[in-house]
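Participant: Have a look; sequence and predicted model below, questions after that.
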Amino acid sequence: MNESKRTASIALPQMRKWFAVKPLAVGISAIFLSGCGEEPELASIYTSIDECASDNPNYMEECTSAYKEAKDEALRTGPKFLSEGDCEFEFGQDNCEYVSNQGSSFFMPFMAGYLMSEVIDEVGDALGKKKKKRRYYMQPMFTSYSRRSSLRGRWFNASGKDFGSLGRRDVKVYQSDFKKKPTVNRTVKRGGFGKSVARSSSSRSFGG
């Protein structure tokens with residue numbers, strides 16, 4: 001699909017010190033959706049397929065599929081920079097990779113983990129009877145090691161939504177957190193991603 005300097009695992013060497021303790025993940029959580037609005041539920045963040053499968057022994061296929069989809073989604077929607085210096089300004093030294101994809105090249109932050117949740121929808125059939133439909137949702141997760149970033153040591157998605165500190169693995173999510181995000185083709189300038197996140201998050205607060 002692309003030529004890039006990608007690591008075999010999404011966990012960077014400097015991230016291992018953050019996750020030496022037992023993970024706080026609570027397993028794949030279910031979100032029950034209703035037509036009267038969204039209610040927050042718990043979902044889990046994993047840094048590898050093995051970590052997800054260890055927490056959920058019966059979900060190896062789902063863990064693997066979610067990881068692969070998250071990697072593709074990170075490439076499609078993640079922030080992109082023309083230079084490695086601009087990327088590292090926001091995300092930290094050695095936390096960016098060079099990517100050559102479909103005739104274009106850029107630098108982007110490594111995917112640090114992936115958010116995964118099982119969603120149970122109640123849908124009506126032709127006779128009006130309600131049935132439960134199971135689906136699995138994922139989102140790539142990033143972090144920053146830059147002292148210049150307000151997202152340093154935090155989990156956040158491609159849109160910059162903050163899901164709490166790196167020590168957290170069980171996080172509150174809404175269905176809207178898993179909505180398909182637009183493809184990002186344009187590169188951002190140094191500090192541009194952080195500024196856009198600050199503007200979009202000025203009216204909301206997050207735990208962590």
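Facilitator: Thanks, I have the structure now.
Participant: quick one: residue 172 from residue 77, how far?
Facilitator: Going from residue 172 to residue 77 by C-beta to C-beta, to the nearest Å gives 21 Å. All C-beta atoms are positioned from the backbone trio N, CA, C, and that covers glycine.
Participant: Tell me which residues touch residue 70, please.
Facilitator: Counting by C-beta atoms under 8 Å, 6 or more residues apart in numbering, residue 70 makes contact with 111, 114-115, 138-141.
Participant: of residue 172 and residue 77, who's got more company?
Facilitator: For the pair residue 172 and residue 77, the greater number of neighbours falls to residue 77 (18 against 15), based on other C-beta atoms under 10 Å.
Participant: Go ahead and confirm residue 148 touches residue 89.
Facilitator: Yes - using C-beta atoms under 8 Å, residue 148 is in contact with residue 89, at 6.1 Å.
Participant: Enumerate the residue intervals of this structure where per-residue confidence is below the cut-off.
Facilitator: In the predicted model, the chain carries pLDDT under 70 at residues 1-38, 119-134, 191-192, 194-208.
Participant: Give the buried residues for the longest helix along the chain.
Facilitator: Within the chain, and with DSSP state H defining each element, the longest helix by residue count is helix 60-77. Within helix 60-77, the residues that count as buried by 16 or more other C-beta atoms under 10 Å are 62-63, 66-67, 69-71, 73-77.
Participant: ok, so of the residues you listed, who is nearest residue 96?
Facilitator: For those, the residue nearest residue 96 by C-beta to C-beta is residue 74; the value is 12.4 Å.
Participant: so what's the closest one closest to, chain neighbours aside?
Facilitator: residue 140 (3.7 Å; C-beta to C-beta, 6 or more residues apart in numbering).
Participant: Could you look up the SS state of the one you found?
Facilitator: Secondary structure, DSSP: H, G, I helix; E, B strand; the rest coil: residue 140 is strand.
Participant: and what of residue 45?
Facilitator: If you use three-state DSSP, then residue 45 falls in the strand class.
Participant: and it, what are its bridge partners?
Facilitator: When bridges are called by DSSP bridges, residue 45 pairs up with residue 115.
Participant: Can you report how many residues lie near residue 135?
Facilitator: Counted with other C-beta under 10 Å, residues neighbouring residue 135 total 11.
Participant: For it, which three-state class applies?
Facilitator: Strictly by three-state DSSP, residue 135 counts as strand.
Participant: is it true that it touches residue 66?
Facilitator: No - taking contacts as C-beta under 8 Å, residue 135 lies outside contact range of residue 66: 11.4 Å.
Participant: coming back round to it: when residue 148 and residue 89 are compared, which one has more neighbours?
Facilitator: Neighbour totals were compared for residue 148 and residue 89, and residue 89 leads with 21 against 14 (other C-beta under 10 Å).
Participant: doesn't the more buried one fall inside a helix?
Facilitator: Yes - residue assignment for residue 89, taken from three-state DSSP, places it within a helix.
Participant: State the distance from it to residue 164.
Facilitator: In this structure, residue 89 and residue 164 are separated by 23 Å, where distance is defined by C-beta to C-beta.
Participant: now do residue 179
Facilitator: Look at residue 179 and residue 164: by C-beta to C-beta, they are 20 Å apart.
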